[in-house]
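Chemist: Give me a 3D structure for the following:
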Amino acid sequence: MTDTIAAIATPPGQGAIGIVRLSGPDSARIGQVLFHSSRAHRIAFRPYHLHHGQLRHPDGQFIDEVLIVFMPGPSSFTGEDVLEIHGHGGTTVLAAILDACVQQGARLACAGEFSKRAVLNGRMDLTQAEAIMELISAQSQTAATLAGSKLTGHLGALLRDLRQQLETLRVLLCVAVDFPEEEVDCLEPAECAARIQAVHDTLGSLVASYERNRCWRDGALVVLAGQVNAGKSSLLNAILGRERAIVTASPGTTRDYLEETVLLDGLPIRLVDTAGLRETTDQAESCGITQSLSLVGQAQIVVLVIDAVHGPGSEDYALLDSTTPVLIGANKIDLLTAMPDWTCHTPWSEQRVLPISARHGQGIDALLQAIRQQLVSAPPAEGAIVPNLRQYEALTRAKAELADMLHDLHNQTPYDVLSVRLDLACTLLGELTGEIRSEDILNMVFADFCIGK
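Modeler: As a prediction, this is how the structure comes out:
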């Protein structure tokens, strides 16, 4: 990290303002070469103050009228000297500013490299860096609030405390192994088990938080499935309030799936309309049906749309037997005077069947409310900590190691063998916060970041 990196920090496209960010030891020098103050030809940058002027090439060629701010390390986002150039938000002008910085010795930044340097320089831990990306990509206010809770360092602080508890236990186990004849009588098995159980239970709470609240952070996949001509595409259009899917009287209109994001009282869902299920010799339609069944297997909820007039077919019975939770929409209810007879017979009588009319909008609100209720009961409490998928997987592994350790302890396994499981649990918690660094893990975390973040 001895070089200086540069990148455009604002989204591509046209806007009133665009920002080019530099970080590294040459940031101030590059700014001094290119910047001409509106008050004087050359100035010394006053830290954390905006300076107005023009950005020019060394030969005097005008680039843009800008505001520039210098933030010396270590009190900057990355912990290094940082320079931000605020210019006009056009693609061409920002590219010209970035090119001028590169000509003066800066290097184009890699994805997430600014945040990565912040972690490596101790300005934040890895959980906070991940929270930045979660905040940027949040699809709802609840998701943004959950990211903000982790950005403040709550998750990192909790993980460091848990790891410290395990590290203390490691020391006591080492004493018990290395000095068995001494009178230090370090650790009774019952006390050891109690300490492990306490950390195990806290990890379990974090794992449960992910499983309970991940829909609020990541969104939920809701798939509209069923036979051809049941009205799935019409239902998608009715929910969206616009003609997103083509609807015709001919069966098998939808060959590929259509996906849209919808907010249900703040809960983001990925709503997918799939190809209708039936026996077919058409290759394109067959591929669409295979894709539909794959999406059904991935969904958090399947809305099984059934033509209320004609009733369910063999494909509907097969979907009902899937492991994915199913809500049933009896569509075209406007063509009947009462609920159809088939809803009174097994297995449909054992299911919640919602009468809907995609054409007239009847029952749509009740269906959406049922989807939301089945996904989650209530928003997470203020300040709740919801791990992301990477954190969830590591927490699950650490929890499993401690569960196995408790089992081994009950079976009177020697302390030196127990310490192996404790070592792995400590390592997993250290990798979560970045205190134990693996280049592969860092690269994986920052690969999806914006270039200028």
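
Chemist: so how far is the longest helix seen in the chain from its chain's centroid?
Modeler: Longest helix in the chain by number of residues (criterion: DSSP state H): helix 189-218. Helix 189-218 sits 20 Å away from the centroid of its parent chain (CA atoms, centre = their mean, to the nearest Å).

Chemist: May I have the strands that pair with the helix or strand following that helix, each with its orientation?
Modeler: On the C-terminal side of helix 189-218, the nearest following helix or strand under DSSP states H and E is strand 220-225. With DSSP bridges as the test, strand 220-225 is paired with strand 267-273 (parallel), strand 301-307 (parallel).

Chemist: The longest helix of the chain relative to strand 301-307, how many degrees between them?
Modeler: Put simply, helix 189-218 runs at 40 degrees to strand 301-307, going by axes from the mean of the first three to the mean of the last three CA atoms, to 10 degrees.

Chemist: Next, the buried residues of helix 189-218.
Modeler: Using 16 or more other CB atoms under 10 Å as the test for burial, helix 189-218 gives 192, 195-196, 199-200, 202-203, 206-207, 209-210, 213-218. Heads up, the C-betas are built off the backbone N, CA and C, glycines and all.

Chemist: thinking again about what came up before, lowest mean pLDDT across the strands paired with strand 220-225, which one is that?
Modeler: Among these, strand 267-273 carries the lowest mean pLDDT, a mean of 86.

Chemist: Check which residues of that one are buried.
Modeler: Buried, per 16+ other CB under 10 Å, within strand 267-273: Leu267, Pro268, Ile269, Arg270, Leu271, Val272, Asp273.

Chemist: cool, stretch 5-19 as well?
Modeler: Result for stretch 5-19 [16+ other CB under 10 Å]: buried residues Ile5, Ala6, Ala7, Ile8, Ala9, Thr10, Gly18, Ile19.

Chemist: for that stretch, the distance to its chain's centre please.
Modeler: 23 Å.

Chemist: Next: stretch 17-25.
Modeler: Worked out by CA atoms, centre = their mean, stretch 17-25 lies 26 Å from the chain centre.

Chemist: State the mean pLDDT of that stretch.
Modeler: Mean pLDDT, stretch 17-25: 96.

Chemist: With stretch 230-248 instead?
Modeler: pLDDT averaged over stretch 230-248 gives 78.

Chemist: Give me the contact list for stretch 388-401.
Modeler: Stretch 388-401 is contacted by residues 127, 130, 134, 155, 200, 203-204, 206-207, 210-211, 214, 217-218, 387, 421-422, 424-425, 428-429, 431-432, 444-445 when judged by CB atoms under 8 Å, 6 or more residues apart in numbering.

Chemist: Same check on stretch 151-167?
Modeler: Residues outside stretch 151-167 that contact it (CB under 8 Å, 6+ apart) are 124-128, 131-132, 135, 149-150, 195, 198-199, 202-203, 206, 383, 385, 387, 391, 422, 425-426, 429-430, 432-433, 435.

Chemist: For the buried residues of strand 267-273, give me a markdown table that also has distance to Ser76.
Modeler: Formatted as a markdown table, the buried residues of strand 267-273 follow (distance: CB to CB, whole Å):
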| residue | distance to Ser76 |
| --- | --- |
| Leu267 | 37 |
| Pro268 | 33 |
| Ile269 | 39 |
| Arg270 | 37 |
| Leu271 | 42 |
| Val272 | 43 |
| Asp273 | 47 |
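
Chemist: where do the helices sit along the stretch 351-453 of the chain?
Modeler: Counting by DSSP state H, counting those that start in this stretch, one finds helices in the stretch 351-453 of the chain at the ranges 364-375, 389-410, 415-433, 439-446.

Chemist: repeat for the stretch 51-200 of the chain
Modeler: Using DSSP H, counting those that start in this stretch, helices in the stretch 51-200 of the chain cover 91-103, 113-120, 126-136, 141-151, 154-178, 189-218.

Chemist: And the ones you listed: which comes nearest Pro72?
Modeler: Taking CB to CB, helix 113-120 is the member of those nearest to Pro72, at 14.7 Å.

Chemist: And the closest one, what's buried?
Modeler: Glu113, Phe114, Ser115, Lys116, Arg117, Ala118, Val119.
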